[in-house]
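A.B. asks: Turn this into a model:
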Amino acid sequence: MAQGRHKRDTDARGFAPKPSRKPLIKPIFKPSRAALVAAPVAVMATAAVVTAGLTSGGGATNDQAAAAADVSNVVAAPVPSAAVRLDDRSTTVSRSLSRRQAVQARTGKTRYTTTALDLWKVPGKHAGKSGEAKPGTKVLATGRELDGRVEVVVDGAVAWVTQGYLAATKPAPKPPEPAGLSNEPCPDMSVESGLKPQTIKVYRSVCHAFPQVTEYGGWAARSEHNTGNAIDVMVYGDKALGDEIAAWAQSHAGELDLYDLIWYDRIWTPVRSSEGWRDYGDHGSATANHMDHVHIGTN
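C.D. replies: As a prediction, the model looks like this:
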């Protein structure tokens, strides 16, 4: 029997030959340890930014939902060492902006505020205020709108402003009031009751130009006063003050849209200014003849 035995083939048990310890193909690229760490950190940071935007905005828009869905597909990219510079080369976007916001800032439309606007951190009535933009401030509108507010980039930061107060062109500066005129409220606001806007401006201008005057006549059931187109500036026995007020009113007749002046039994009208002061006539009393007050009428 010993002679009939044969040597078993070692391959019969299914053992494969041991592989070579030396790899047949060398890897083309071996990622560094820093790169392996940086990629998941970048994805986590982007996810945090998107999540914060969804939770703080009081509700997700379609854009926000899409941004959240794409978080898993974000490819880690190195953060530039310098801030992203906008096309107009006058405003920069902070590196703290998310990639979405940075793209929107670069492609945003230049707009100008038409009035003083509060800057809000997020949309919604419970948002916190982050500052204020003066009239004529240049901003970049990203195109996002939510809860009556629009998203803008101003001074390198994202903010939300009330909708309806942005213009494509910079508004012309409001011309200053002519010297000696004012539209600021006066201490006695009751005088303005029943007066036309142009007459209110006359009252406010006189009030600030002649603070020594303490009494005025406003709306009353008599000619010109019953339409809100006249005020009486009471000077009583001070003729010098009355002369000064009348001369001042003449010099600002155009800006104040004056119809007539009556003072010390005389009348002056812009349409007959070449005739100067004309006789007013006797109307029966010192007050009726305007001896104690300067009457200023408006158109």
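
A.B. asks: okay, how far is it across stretch 286-295, tip to tip?
C.D. replies: One end of stretch 286-295 to the other measures 13 Å (Cα to Cα, to the nearest Å).

A.B. asks: Contacts for it next, please.
C.D. replies: Residues from elsewhere that reach stretch 286-295 (Cβ atoms under 8 Å, 6 or more residues apart in numbering): 217, 224, 230-237, 242, 245-246, 249, 260-265, 280, 282-283. To be clear about C-beta, it is placed using only N, CA and C from the backbone, and glycine gets the same treatment.

A.B. asks: how about it: buried residues?
C.D. replies: Using 16 or more other Cβ atoms under 10 Å as the test for burial, stretch 286-295 gives N289, H290, M291, D292, H293, V294, H295.

A.B. asks: Just the ones of those in helices?
C.D. replies: Among the buried residues of stretch 286-295, none falls in helices (DSSP state H).

A.B. asks: can I get those residues in TSV with distance to I200 and pLDDT?
C.D. replies: Below are the buried residues of stretch 286-295 laid out as TSV (distance: Cβ to Cβ, whole Å; pLDDT from 0 to 100):
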residue	distance to I200	pLDDT
N289	27	95
H290	21	95
M291	26	96
D292	23	96
H293	18	97
V294	17	97
H295	16	98
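
A.B. asks: which residues of the stretch 101-250 of the chain fall in strands?
C.D. replies: All strands of the stretch 101-250 of the chain, identified by DSSP state E, counting those that start in this stretch, fall at 109-113, 117-120, 129-133, 138-146, 149-154, 157-162, 166-167, 216-217, 230-234.

A.B. asks: elements contacting the second one?
C.D. replies: If you count contacts as 3 or more Cβ pairs under 8 Å, 6 or more residues apart in numbering; DSSP states H and E, strand 117-120 packs onto strand 129-133, strand 157-162.

A.B. asks: mind redoing it with 10 Å?
C.D. replies: Counting contacts by 3 or more Cβ pairs under 10 Å, 6 or more residues apart in numbering; DSSP states H and E, strand 117-120 is packed against strand 129-133, strand 149-154, strand 157-162.
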